[in-house]
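Enquirer: Prediction below, plus the sequence it came from.
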Amino acid sequence: MVASEAQIREWLTQVTDPEIPVLTIEDLGILRDVRHGKDGVTVTITPTYSGCPAMMAIRMEIVRALREQGVERVRVEEVLSPAWTTDWLSQDGRAKLLAYGIAPPAGKAQRKSALFGEPDTVACPQCGSERTSRTSEFGSTACKAMYRCEDCLEPFDYFKCI
Ligand SMILES: [Zn+2]
């Protein structure tokens, strides 16, 4: 039986970000394309962040998830252009991040904040307060920054707009 591309996408919902396991690669917006040709399945992804070691794990997970379904020939291709931005996070993905306790990126990708330093207001994922301050440029991974809420005093990760 030849699996349809829709079926393959369905199977790929098992593949999640190893650092934020509630997010599938579809939620992240890094799953660009699925093709099923004579020579097997080609999955095209765009890495979130060139320094993310998670991408290696994600590639392996894609191959594993499809092999489990009997797809023997899997190729994972990376497309670097256009570059991934946090705008590609799905609405589902944003909701899941918030439920997971990570503030989703605020608004559009903040190319300008890289120039001017400060991001827009980041709301606390615990209590929703906008009285938050950045405690560290880098959180648990390079893709996140550490914040602290001034109201409930909880520290939290913020998924940086890149
Ligand atoms: Zn709070």
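Expert: Sure, I can see it.

Enquirer: Contact partners for the most centrally placed residue in the chain?
Expert: By Cα atoms, centre = their mean, the chain has its centre lying nearest to L28, at 3.5 Å. By Cβ atoms under 8 Å, 6 or more residues apart in numbering, L28 lies in contact with 17, 48, 88-90, 93. Every C-beta, even on glycine, is put in place using the N, C-alpha and C of the backbone.

Enquirer: Would you show me how to pick out the buried ones of these in ChimeraX?
Expert: Selection of buried members from the contacts of L28 for ChimeraX, criterion 16 or more other Cβ atoms under 10 Å:
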select :17,48,88,89,93
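
Enquirer: Name the weakest-confidence residue in the contacts of L28, if you would.
Expert: pLDDT across these is lowest for T48, at 80.

Enquirer: Correct me if wrong, but that one is in a helix.
Expert: No. Counting by DSSP: H, G, I helix; E, B strand; the rest coil, T48 is not part of a helix but coil.

Enquirer: Could you measure from the nearest residue to it once chain neighbours are set aside over to I25?
Expert: Nearest residue to T48, sequence neighbours excluded (Cβ to Cβ, 6 or more residues apart in numbering): W84, at 5.1 Å. From W84 across to I25, the span is 11 Å (Cβ to Cβ, to the nearest Å).
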